[in-house]
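In: following is a predicted model, sequence given first.
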Amino acid sequence: MSSPPRVVDVSDDTLLATYTTLALGGPAARIVRATNAEEIIAGVQECVREDRPLLLLGGGSNVVISDEGFPGTVMLIRSEGWAVTYDDGEHVLVQVQAGQDWEEFVAATVAQGWSGVECLSGIPGAAGATPIQNVGAYGQEVSQTIESVTVYDRDEGAVSVMSAAECGFQYRNSRFKHNDRWVVLDVTFRLLADPLSGPIAYTELARSLGVQEGQRVPLEHARDAVLQLRRGKGMLLDPSDPDTRSAGSFFTNPVLSAAAYTQLEVEPPAWPGEGGVMKVSAAWLIERAGFTKGYRRGPAAISSKHTLALTNPGDGTTKDLLGLAAEIRDGVHDKFGVTLHPEPVLVNCTL
């Protein structure tokens, strides 16, 4: 008789800075590693039984953890792999395990000739985190291709499959974000079996490719252009680049009502949305409020390549980083009356 699945304790290092792209975060009371869905469920159930706080951590690329760390169990999600569950020659359904490295998966879709996530190349982190954040870049969002998400429901104590509609996707948001009820086990994507990209929907990317918005290009061309753009902004993981020690874009682009937008005394770059709302460029607001690339507050700094990325280029602390974030948020509000909100998840700390 086989033994029940169980997570494995990580004994080498309990400092959470080891597991985040910011290289920030204090110690955890306990760190465990789960390598498949069964182990993830077993680890969650154990914490529920023992009434122990639980933090799930994938690639650590979209999280800011306090200097005090986390007073409970941190589960490293390390399930890997993907499988085609349906293929009719026009579409494929690909089921991806929650701990699968996202960039590795995107590279494989391009190599296979599957269109739909090519513009999300170079984004660090794990596949299971993508529906939580509704990850997006360069005109694509995962909500456009997600077919379903398999979750463990802590309230019901059962596994269920949620359709894309049930996930409640919004701009950089979903029903999973800031809600620990559901634990993502795998994500199924519906992709086109097509060697061409989706219509290019981002001006900067279209310019880089030398095409008009709405045109399609070979998948590998779109991927290469996105990687080049991200590299130029310090948004690829590169141990030799201090700007890479970030959580990606720290602030989301504020979404303003039509009335709030017209009340601005300036005209920042903006994109219209449903219901008359306007999504305004946070980078533009930050720069016009006096916070330029390379701006520093003690050990924390704005990336020298990308205004939206806050970095830990040296031996800073989470307190340092949040101090810089608060200064930027308050400066933008004082100048424009617009409040910026953080994109990464804040753990045991606030802004």
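Out: Yep, it's here.
In: domains of the chain?
Out: Domain ranges of the chain: 8-77, 82-232, 242-347, per automatic domain parsing.
In: in JSON lines, list the ones you listed along with mean pLDDT and mean neighbour count.
Out: No exception for glycine: its C-beta is placed from N, CA and C like everyone else's. Below are these laid out as JSON lines (pLDDT from 0 to 100; neighbours: other CB atoms under 10 Å):
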{"stretch": "domain 8-77", "mean pLDDT": "93", "mean neighbour count": "19"}
{"stretch": "domain 82-232", "mean pLDDT": "96", "mean neighbour count": "19"}
{"stretch": "domain 242-347", "mean pLDDT": "94", "mean neighbour count": "18"}
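In: just checking, residue 335 is part of a helix?
Out: Yes. Assessed with DSSP: H, G, I helix; E, B strand; the rest coil, residue 335 lies in a helix.
In: which element follows the longest strand seen in the chain toward the C-terminus?
Out: Of all the segments of type strand in the chain, defined by DSSP state E, the longest one is strand 182-193. Under the assignment DSSP states H and E, the closest C-terminal helix or strand after strand 182-193 is helix 203-209.
In: packing partners of that following helix?
Out: Judged by 3 or more CB pairs under 8 Å, 6 or more residues apart in numbering; DSSP states H and E, the packing partners of helix 203-209 are helix 219-232.
In: what's the angle from the helix it packs on to strand 182-193?
Out: Orientation check (axes from the mean of the first three to the mean of the last three CA atoms, to 10 degrees): helix 219-232 against strand 182-193 gives 130 degrees.
In: so what does residue 200 look like in phi/psi?
Out: Phi and psi for residue 200, reported as degrees, to the nearest 10, are phi -70, psi 120.
In: and the end-to-end length of stretch 212-228?
Out: Stretch 212-228 has an end-to-end distance of 19 Å (CA to CA, to the nearest Å).
In: need the contact list for the residue lying closest to residue 176 once chain neighbours are set aside.
Out: Ranked by CB to CB, 6 or more residues apart in numbering and with sequence neighbours excluded, the top spatial neighbour of residue 176 is residue 132, at 4.3 Å. Going by CB atoms under 8 Å, 6 or more residues apart in numbering, residue 132 touches 174, 176, 177, 184.
In: thought the last one was touching residue 153?
Out: No. Using CB atoms under 8 Å, residue 184 is not in contact with residue 153; the gap is 11.2 Å.
In: paired strands for the longest strand of the chain, with orientation please.
Out: With DSSP bridges as the test, strand 182-193 is paired with strand 91-97 (antiparallel), strand 114-115 (antiparallel), strand 146-153 (antiparallel).
In: quick one, helices of the stretch 201-350 of the chain?
Out: 203-209, 219-232, 258-263, 282-288, 318-336 (DSSP state H, counting those that start in this stretch).
In: columns distance to residue 9 on top of these, output as TSV?
Out: Listed next are those as TSV, based on distance: least, CB to CB, whole Å:
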stretch	distance to residue 9
helix 203-209	44
helix 219-232	35
helix 258-263	50
helix 282-288	40
helix 318-336	25
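In: the strands in the stretch 51-200 of the chain, which residues?
Out: 54-57, 63-65, 70-77, 82-87, 91-97, 114-115, 136-137, 140-141, 146-153, 158-163, 182-193 (DSSP state E, counting those that start in this stretch).
In: what's the angle from the fifth one to strand 82-87?
Out: Strand 91-97 and strand 82-87 meet at an angle of 150 degrees, taking the same axes, to 10 degrees as the criterion.
In: can you give the contact residues for strand 91-97?
Out: With contacts defined as CB under 8 Å, 6+ apart, strand 91-97 is touched by 36-37, 79-87, 105, 109, 114, 127-128, 147, 150, 185-193.
In: can we see that at 6 Å?
Out: 79-86, 105, 114, 127, 147, 186-191, 193 (CB atoms under 6 Å, 6 or more residues apart in numbering).
In: try the first one
Out: Contacts of strand 54-57 from elsewhere in the structure, counted by CB under 6 Å, 6+ apart, are 19, 47, 70, 72, 73, 74, 75, 76, 77.
In: give the partner strands of that strand in its sheet and their orientations.
Out: Here strand 54-57 has these sheet partners by DSSP bridges: strand 70-77 (parallel).
In: do the same with the second one
Out: Here strand 63-65 has these sheet partners by DSSP bridges: strand 345-347 (parallel).
In: chain center to the strand it pairs with, what's the gap?
Out: Relative to its chain's centre, strand 345-347 lies at 12 Å (CA atoms, centre = their mean, to the nearest Å).
In: coming back round to it: compare the strands of the stretch 51-200 of the chain and give me the one nearest residue 307.
Out: Proximity to residue 307, assessed across those by CB to CB, is greatest for strand 136-137 (15.5 Å).
In: got the contact list for the nearest residue in space to residue 215 that is not next to it in sequence?
Out: Once flanking residues are discounted, residue 215 sits nearest to residue 200: 5.7 Å by CB to CB, 6+ apart. If you count contacts by CB under 6 Å, 6+ apart, residue 200 has them with 206, 213, 215.
In: distance of residue 133 from residue 105?
Out: Plainly put, residue 133 is 16 Å away from residue 105 if you go by CB to CB, to the nearest Å.
In: can you check residue 46 too?
Out: Residue 46 sits 29 Å away from residue 105 when distances are taken as CB to CB.
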